[in-house]
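J.: Could you work out the structure for the sequence below:
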Amino acid sequence: MDDQLLEKRLDSLKKAYDEMPEEENRSAILAAIKKDQKKHTKQKWFHLPYAASFIGVGMIAGVLMMQYIGEQEPSEEKTEQHQAAPGENSSRELKKSEVKIVFDELRQYHAKKVARTKAALGFGAGFEKYLYPSIAEDIESVENEYLTYLEDHDSKDLTDTKQALINQIDESFILPSEIIDRIEKQDKAMSVEEEFPLLAQLDSFNGAYLYAMVFYEWDIKEAIEKEGLEVVVEKMNAGGKGLENQDLRKMAAGAVANGYVFREEDGKLMPYVNFKDIADRLRGKVDDDYAMYLELKSNRIHDRMGKVISYKNYADVLVKLEKAIGTMEDGKIKDILRDEALSLYVQFAAGSPGNSIYGDNKFLKDEVKEAYLYLMDSYPETDTATAMKEVYDKMEAKQFQQPTDELEIKLNLIYPLYMKIPSNLKAEDIINSKILPIPDSLLSSYKEFAAKKNFNILKHYGPFEIMQLYFHADQVGDYETKYALYSRQSTLPPKEQYIKEREEAEPGMNLSKILKGYQFASLYHPADDPEKVIGIQLHYSDRTDGPVFQMVQEDGFWKVQYMPIQ
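T.: Model (predicted):
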């Protein structure tokens with residue numbers, strides 16, 4: 001589905017939602033969506049715009065999972081689903097009795113899914129609330145909506161609704177191991193969109209396994225008392241081999257098969273997703289950036305209570321994220337990671353309600369200060385360290401005292417440059433350098449060019465450096481050299497006239513004033529030729545429409561277009 005069609009679809013859904021009376025509940029919303037669906041031909045695949053957040057990942061994964069299940073579901077599962085009889089798709093009026101039959105079948109279908117998953121993984125009763133917590137309410141509310149407004153529906157509506165709820169149930173109960181196995185069997189690498197459902201299920205089943213730790217609390221405690229926590233962890237991670245308790249063995253075997261392992265935290269046994277092992281298993285079958293993303297998720301910053309484990313480790317993870325984002329090509333994953341990094345950076349640099357960077361004495365904690373210094377000393381070339389250096393200097397100027405308004409600090413926080421770079425820019429086009437003052441080596445070339453006006457002196461410089469020379473010439477009032485940097489393809493006024501006009505111009509008219517708020521630059525390409533460079537775009541902290549400094553390559557040398565910024 002292209003973007004325009006998707007926008008029309010979303011507008012239609014929004015209109016249907018806005019027109020509903022306020023007192024109507026979720027069932028009415030579902031009904032409105034269902035009615036809208038009848039107006040459109042069903043597409044095999046949804047090409048969704050990317051939402052750069054974990055919420056976005058979840059929403060995308062939910063839609064993609066429905067298609068994934070529809071294409072991948074084993075034939076024996078499909079036999080349980082409603083199969084339309086010949087002629088059944090023709091609409092007809094409904095009876096309350098057949099509505100009740102359909103929704104009873106849905107409840108039975110869900111109960112079978114629960115029983116099968118419970119038996120397969122050794123879960124205790126109640127685990128299903130972590131996979132689809134509102135299924136009972138959803139079925140009941142939609143059923144009530146049908147029974148209350150029976151005349152507004154027909155048999156096709158009921159068939160579509162039943163299938164939609166079956167898809168939601170299937171989506172919730174598909175095992176991570178099933179998705180992993182299918183990915184491994186693919187002949188070619190999957191697209192990033194096809195890989196999202198795995199993340200959604202790993203997250204859902206992680207909640208179910210945390211619940212299992214509570215359900216099996218006494219069995220685990222008994223095993224630990226007999227063999228010790230370290231031995232129990234080792235046996236659990238071996239798929240339960242060697243454990244006396246049969247139920248624990250089964251649960252551990254299912255956990256390991258689905259990509260989970262166990263560790264000790266504060267004397268307790270805790271499950272977690274083994275992202276690194278999953279990444280290793282799927283390497284070559286998934287997008288390289290996706291595999292790297294899985295590896296990065298194996299880095300732990302917080303414990304199970306959300307407390308920072310180590311601020312030095314925190315600094316290492318921030319640098320890993322920056323370096324990974326710099327090498328990734330997939331824009332979707334890059335945006336996900338950038339959002340993750342942004343959230344983590346704010347907590348690292350300014351703290352959070354559960355992890356204040358200031359102690360009870362109202363001063364910066366020693367471990368936090370040491371982590372800042374470690375970051376700046378160990379990774380001085382990174383954007384993260386550069387930004388933290390400015391943050392640290394501001395803190396130091398105030399003797400590291402806790403500010404009275406921490407919210408204001410967060411609002412005015414200095415961020416690493418890479419977090420501000422638009423995702424549509426290619427890494428190789430980004431120029432993270434100041435325009436003024438120019439470095440000594442460039443200043444030396446400038447002086448020689450100013451004396452000789454020979455472009456061979458500048459033959460090794462790219463468009464950004466030539467732009468720097470132009471800004472420098474304007475700043476120092478060297479209009480003759482500034483004029484010499486222009487392309488002769490431009491329509492230029494006579495040199496004497498140009499110099500006179502510049503000398504008579506008001507002092508505040510110099511170019512340096514447009515550098516206020518400047519952060520970085522990038523090569524600028526025409527829309528019809530992405531390989532050609534026609535200028536340098538300036539990027540600012542307070543605006544997204546930075547000007548383009550227009551340039552041209554003439555006789556092998558980069559030169560400035562007359563009136564380059566318009």
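
J.: Excluding covalently adjacent residues, which one is nearest to residue 277?
T.: Among residues not flanking residue 277 along the chain, residue 259 sits closest, at 7.0 Å (C-beta to C-beta, 6 or more residues apart in numbering). In this view, the C-beta of every residue, glycine as well, is placed from N, C-alpha and C.

J.: Count the neighbours of the one you found for me.
T.: Using other C-beta atoms under 10 Å, residue 259 is surrounded by 24 other residues.

J.: Quick check: it vs residue 288, distance?
T.: 19 Å (C-beta to C-beta, to the nearest Å).

J.: now residue 437
T.: For residue 437 relative to residue 288 (C-beta to C-beta), the value is 41 Å.

J.: So these two - more neighbours on which side?
T.: When residue 437 and residue 288 are compared for neighbours, residue 288 comes out ahead with 15 against 12, by other C-beta under 10 Å.

J.: where's the more buried one relative to residue 330, distance?
T.: 9 Å.

J.: Next: residue 93.
T.: Distance of residue 93 to residue 330, given as C-beta to C-beta: 50 Å.

J.: neighbour-wise, which of the two wins?
T.: More crowded of residue 93 and residue 330, by other C-beta under 10 Å: residue 330, with 18 against 9.

J.: Distance from the helix or strand where residue 475 lies to the middle of the chain?
T.: Following DSSP states H and E, one finds residue 475 within helix 463-476. For helix 463-476, the gap between its own C-alpha mean and the chain's C-alpha mean amounts to 38 Å (C-alpha atoms, centre = their mean, to the nearest Å).

J.: Show me what it packs onto, helices and strands only.
T.: When contacts are defined as 3 or more C-beta pairs under 8 Å, 6 or more residues apart in numbering; DSSP states H and E, helix 463-476 sits against helix 440-452, helix 479-484, strand 535-540, strand 548-554, strand 557-560.

J.: Format the ones you listed as JSON lines; extra columns: mean neighbour count, mean pLDDT and distance to residue 363.
T.: Output for these, formatted as JSON lines (neighbours: other C-beta atoms under 10 Å; pLDDT from 0 to 100; distance: least, C-beta to C-beta, whole Å):
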{"stretch": "helix 440-452", "mean neighbour count": "14", "mean pLDDT": "97", "distance to residue 363": "40"}
{"stretch": "helix 479-484", "mean neighbour count": "19", "mean pLDDT": "97", "distance to residue 363": "51"}
{"stretch": "strand 535-540", "mean neighbour count": "22", "mean pLDDT": "94", "distance to residue 363": "35"}
{"stretch": "strand 548-554", "mean neighbour count": "19", "mean pLDDT": "96", "distance to residue 363": "46"}
{"stretch": "strand 557-560", "mean neighbour count": "21", "mean pLDDT": "98", "distance to residue 363": "52"}
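
J.: Could you say which one of the ones you listed comes nearest to residue 401?
T.: In terms of C-beta to C-beta, the element of the helices and strands packed on helix 463-476 nearest to residue 401 is strand 535-540, at 31.7 Å.

J.: and the closest one, what does it pack onto?
T.: Packed on strand 535-540, when contacts are counted by 3+ C-beta pairs under 8 Å, 6+ apart, are helix 463-476, strand 518-524, strand 548-554.

J.: How about the contacts made by residue 94?
T.: The contact partners of residue 94, taken as C-beta atoms under 8 Å, 6 or more residues apart in numbering, are 146, 150, 153-155, 157-158.

J.: can I assume residue 100 is in contact with residue 143?
T.: Yes: shown here, residue 100 and residue 143 form a contact pair, counting by C-beta atoms under 8 Å, at 7.4 Å.

J.: Among these two, which residue is more densely surrounded?
T.: Taking other C-beta under 10 Å, residue 100 and residue 143 do not tie; residue 143 has more neighbours (19 against 13).

J.: Quick check: that one vs residue 164, distance?
T.: Applying C-beta to C-beta to residue 143 and residue 164 gives a distance of 13 Å.

J.: Let me know the outermost residue of this structure.
T.: Largest separation from the mean C-alpha position in the chain: residue 496, at 55.6 Å (C-alpha atoms, centre = their mean).

J.: Just the mean pLDDT for the host helix or strand of that residue, thanks.
T.: Residue 496 is part of helix 495-504, with elements assigned from DSSP H and E. Averaged across helix 495-504, pLDDT comes to 94.

J.: For it, name the packing helices and strands.
T.: Checking 3+ C-beta pairs under 8 Å, 6+ apart, helix 495-504 ends up next to helix 479-484.

J.: name the helices or strands packed onto the helix it packs on?
T.: In terms of contacts (3+ C-beta pairs under 8 Å, 6+ apart), helix 479-484 is packed against helix 440-452, helix 463-476, helix 495-504.

J.: Looking at the ones you listed, which is nearest to residue 400?
T.: Closest to residue 400 of the helices and strands packed on helix 479-484, according to C-beta to C-beta: helix 440-452, at 35.1 Å.

J.: Other residues contacting the closest one?
T.: 438, 455, 457-458, 461, 465, 468-469, 472-473, 478, 480-481, 484.

J.: quick one: average confidence on stretch 287-302?
T.: On average, the pLDDT along stretch 287-302 is 92.

J.: Output that stretch in CSV, but only the C-alpha positions, please.
T.: Only the C-alpha atoms of stretch 287-302 are listed here, as CSV (Å, rounded to 0.1, in the frame of the first residue of the first chain):
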residue,chain,number,x,y,z
ASP,A,287,19.2,-8.0,7.4
ASP,A,288,22.7,-7.3,8.8
ASP,A,289,21.5,-4.1,10.5
TYR,A,290,18.8,-6.2,12.2
ALA,A,291,21.3,-8.7,13.5
MET,A,292,23.4,-5.9,14.9
TYR,A,293,20.3,-4.4,16.5
LEU,A,294,19.7,-7.7,18.3
GLU,A,295,23.3,-7.8,19.5
LEU,A,296,23.0,-4.3,20.9
LYS,A,297,19.9,-5.3,22.8
SER,A,298,22.0,-7.8,24.7
ASN,A,299,23.7,-4.9,26.5
ARG,A,300,22.3,-4.5,30.0
ILE,A,301,22.1,-1.0,31.6
HIS,A,302,19.3,-1.5,34.2
